[in-house]
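K.L.:
got a sequence here, can you build the structure:
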Amino acid sequence: MHNQMMSKNLPKLIVILGPTASGKSDLAIKLALRLSSGQAKKKFGINGVEIVSADSRQIYKEMDIGTAKPSKKELGTIPHYLINLIKPNQEFNVAIYKKLALESIKKIQNQGKMPFLVGGTGLYIQAVVDNIEFPAIPANKALRRKLERKTEKELFKIYKKLDSEGAKFIDRKNKRRLIRAIEVSQITKKPFWKQREKGTPLFNVLMIGINLPQKELEKRINKRIEKMFRLDLEKEVRRLIKKYGWKISPLQTIGYQEWINYLNKKPSLTKEGVKKNIILHTLQFTKRQMTWFSAHGGSVSGGKKEERIRWIKNYHQAEKLIKKFLLE
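P.N.:
So this is what the prediction gives:
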């Protein structure tokens with residue numbers, strides 16, 4: 001309770017989260033435009049809204065279609081931070097993300113504006129909201145080389161033995177993340193999951209989560225992936241491979257990794273098969289995202305634990321929560 005009272009005096013931050021394809025960007029832009037009108041500025045004493053992305057893949061340049069990046073028009077409507085920031089072959093991790101996100105949020109607040117933190121990467125959001133301190137464990141090159149030779153399936157098996165709790169939430173298709181989690185667990189002899197320390201809160205946070213019925217989410221995922229193929233995702237993948245090769249970690253993620261067998265002319269795999277695999281993997285991923293959000297912010301259906309995430313079904317519910325929060 002004491003912490004809650006203290007956080008009331010901190011600068012405000014609004015988080016909009018949810019699984020892939022749930023409509024976070026659209027909702028955030030619509031709300032930001034509404035709150036940037038002259039009338040809203042007057043009422044809430046803010047100078048407009050700017051958006052900080054919490055997406056672990058949209059941070060990369062050149063990866064536009066497979067990461068479902070907002071269009072140039074959308075990015076031009078409301079200023080966005082941490083999109084198209086680094087090249088796909090550059091080293092990036094959650095500790096770097098946290099530093100850049102906090103700098104962006106401070107910059108927005110210094111202009112008298114309200115920051116929206118928007119995305120579906122749970123660890124990135126938690127890093128900022130809970131001011132997580134990450135273990136400064138240097139890379140073990142020999143161990144990494146050994147682990148690099150293993151498949152995602154083998155790495156996940158190793159990690160699960162070291163940290164059964166963390167295995168519930170980790171993206172089991174993300175080779176780089178699995179290797180890092182194994183590395184930290186083995187070097188420190190402690191589960192990776194338990195090594196993240198919460199710091200003193202930096203913000204008074206309102207967390208809004210989009211909770212869509214499963215059928216609706218499936219429909220949106222299908223629609224999104226159809227659009228990716230219409231925009232020529234294959235061409236984007238071929239261009240990235242030609243420039244960087246398969247080995248870079250952003251290409252070991254959903255929407256990109258499914259092409260490897262097709263492009264290597266494995267006879268059994270058609271373009272339609274690639275599409276089906278991307279849809280299936282995306283659906284599986286959204287389930288893991290929801291497990292993460294439930295574990296870190298209260299379950300969708302409600303429960304006895306502290307409900308940090310306010311789950312909404314439509315724009316009006318979100319607008320009502322935000323207006324109340326801004327007037328507090």
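K.L.:
where exactly do the strands run in the stretch 51-200 of the chain?
P.N.:
80-81, 114-119, 132-133, 197-198 (DSSP state E, counting those that start in this stretch).
K.L.:
pick the most buried one from the ones you listed.
P.N.:
Of these, the one with the most neighbours on average (mean count of other C-beta atoms under 10 Å) is strand 114-119, at a mean of 26. Every residue, glycine included, has its C-beta placed from N, CA and C.
K.L.:
helices or strands up against that one?
P.N.:
Counting contacts by 3 or more C-beta pairs under 8 Å, 6 or more residues apart in numbering; DSSP states H and E, strand 114-119 is packed against strand 12-17, helix 24-35, strand 49-53, helix 94-110, helix 122-129.
K.L.:
and the last one, what's its mean pLDDT?
P.N.:
Pointing back at helix 122-129 there. The average pLDDT within helix 122-129 is 93.
K.L.:
stretch 184-204: end-to-end distance?
P.N.:
31 Å (C-alpha to C-alpha, to the nearest Å).
K.L.:
touching it from outside, list them.
P.N.:
With contact meaning C-beta atoms under 8 Å, 6 or more residues apart in numbering, stretch 184-204 is reached by 3, 6-13, 102, 105, 128-135, 137, 140, 143, 159, 162-166, 169, 180-182.
K.L.:
find the centremost residue of the protein, please.
P.N.:
residue 121 (1.9 Å; C-alpha atoms, centre = their mean).
K.L.:
test my guess that it contacts residue 52.
P.N.:
No. The criterion here is C-beta atoms under 8 Å, and residue 121 misses it with residue 52 at 12.0 Å.
K.L.:
look up which helix or strand the closest residue to residue 251 other than its chain neighbours falls in, please.
P.N.:
Using C-beta to C-beta, 6 or more residues apart in numbering and skipping the chain neighbours, the partner closest in space to residue 251 is residue 240 (6.2 Å). Element membership for residue 240, per DSSP states H and E: helix 233-244.
K.L.:
centre of the chain to that helix, how far?
P.N.:
Mean C-alpha position of helix 233-244 versus that of the full chain (C-alpha atoms, centre = their mean, to the nearest Å) differs by 23 Å.
K.L.:
which one of the helices and strands packed on strand 114-119 lies nearest to residue 250?
P.N.:
Each of the helices and strands packed on strand 114-119 has some distance to residue 250 by C-beta to C-beta; the shortest is helix 94-110, at 13.8 Å.
K.L.:
for the closest one, packing partners?
P.N.:
Packing partners of helix 94-110 (3+ C-beta pairs under 8 Å, 6+ apart): strand 49-53, strand 80-81, strand 114-119, helix 122-129.
K.L.:
among the ones you listed, which comes closest to residue 278?
P.N.:
Comparing those by C-beta to C-beta, strand 114-119 comes nearest, at 19.7 Å.
K.L.:
kind regards, and thank you for your time.
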